[in-house]
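A.B. asks: predicted model and sequence below, questions to follow.
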Amino acid sequence: MGMMEDLYIKIRDKVNELGKTTGKYVDISKLKIKVAECENDISIKKQKIGNIVFERIQSGDSFDVSDVIDIVGEIKDLMKSKVEYETKINKLKGKCVCGVCKSLNNYDAQYCSSCGNDLSSDDSCKHEQEDDGKIDSTEVN
Ligand SMILES: [Zn+2]
């Protein structure tokens with residue numbers, strides 16, 4: 001009986017482990033879709049700006065920057081979201097982007113493998129202290 005329970009626990013743990021790994025890949029795929037959506041929206045909005053500028057010039061109307069400034073703002077927001085999604089993907093993969101040369105490094109690397117930049121003091125590749133070791137005593141029975 002004890003052996004069967006051990007086996008059951010082992011299998012269960014293995015299944016949970018696999019589940020976690022699969023979840024990670026699902027997250028990455030979802031994030032990749034988000035990145036693609038951002039890129040798509042960015043190019044649509046850029047085209048929109050192009051069309052507005054073209055039509056104004058074509059029809060001889062005066063063109064003012066304020067006509068497209070809202071769309072530029074929307075593009076900036078999309079670019080920011082895209083970088084956030086990409087950062088999340090890299091983090092899930094255990095990678096981070098060097099703030100100097102933009103090359104991909106291991107998340108725990110001290111220096112950039114391409115340019116030697118000190119990644120421990122690089123904001124784009126921040127080495128956040130994970131609080132995994134610390135358990136809040138109020139949550140433990
Ligand atoms: Zn670098």
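C.D. replies: Alright, I've got the coordinates. Numbering: from 1, shown residues only.

A.B. asks: output the longest helix belonging to this structure.
C.D. replies: Secondary structure assigned by DSSP state H gives helix 2-59 as the longest helix of the chain.

A.B. asks: buried stuff in the following helix or strand past that helix?
C.D. replies: Heading C-terminal from helix 2-59, the first helix or strand you meet, by DSSP states H and E, is helix 69-92. Buried positions in helix 69-92, judged by neighbour count with 16 or more other Cβ atoms under 10 Å: 75, 78, 81, 82, 85, 86, 87, 88, 89, 90. Placement of C-beta: from N, CA and C, glycine included.

A.B. asks: where does residue 123 land on pLDDT?
C.D. replies: In this model, residue 123 is scored at 77, pLDDT.

A.B. asks: tell me the contacts of it?
C.D. replies: With contacts defined as Cβ atoms under 8 Å, 6 or more residues apart in numbering, the neighbours of residue 123 are residue 99.

A.B. asks: circling back to that earlier point, widest-spaced pair of the buried residues of helix 69-92?
C.D. replies: The distance between the two most remote of these (Cβ to Cβ) is 22.5 Å, for 75 and 90.

A.B. asks: are there helices or strands packed against the longest helix of the chain, and which ones?
C.D. replies: Helices and strands touching helix 2-59, by 3 or more Cβ pairs under 8 Å, 6 or more residues apart in numbering; DSSP states H and E, are helix 69-92.

A.B. asks: show me what the helix it packs on is packed against.
C.D. replies: Using 3+ Cβ pairs under 8 Å, 6+ apart as the contact definition, the elements that helix 69-92 packs against are helix 2-59, strand 95-97.

A.B. asks: of all these, which lies closest to the ion?
C.D. replies: Each of the helices and strands packed on helix 69-92 has some distance to the ion by Cβ to the ion; the shortest is strand 95-97, at 8.6 Å.

A.B. asks: direction included, what does that closest one pair against?
C.D. replies: Strand 95-97 has the following sheet partners, assigned by DSSP bridges: strand 104-106 (antiparallel).

A.B. asks: does any part of the partner strand sit near the ion?
C.D. replies: No. Between strand 104-106 and the ion, judged by Cβ under 5 Å from the ion, nothing touches; the nearest distance is 7.3 Å.

A.B. asks: tell me the buried residues in that strand?
C.D. replies: 104, 105.
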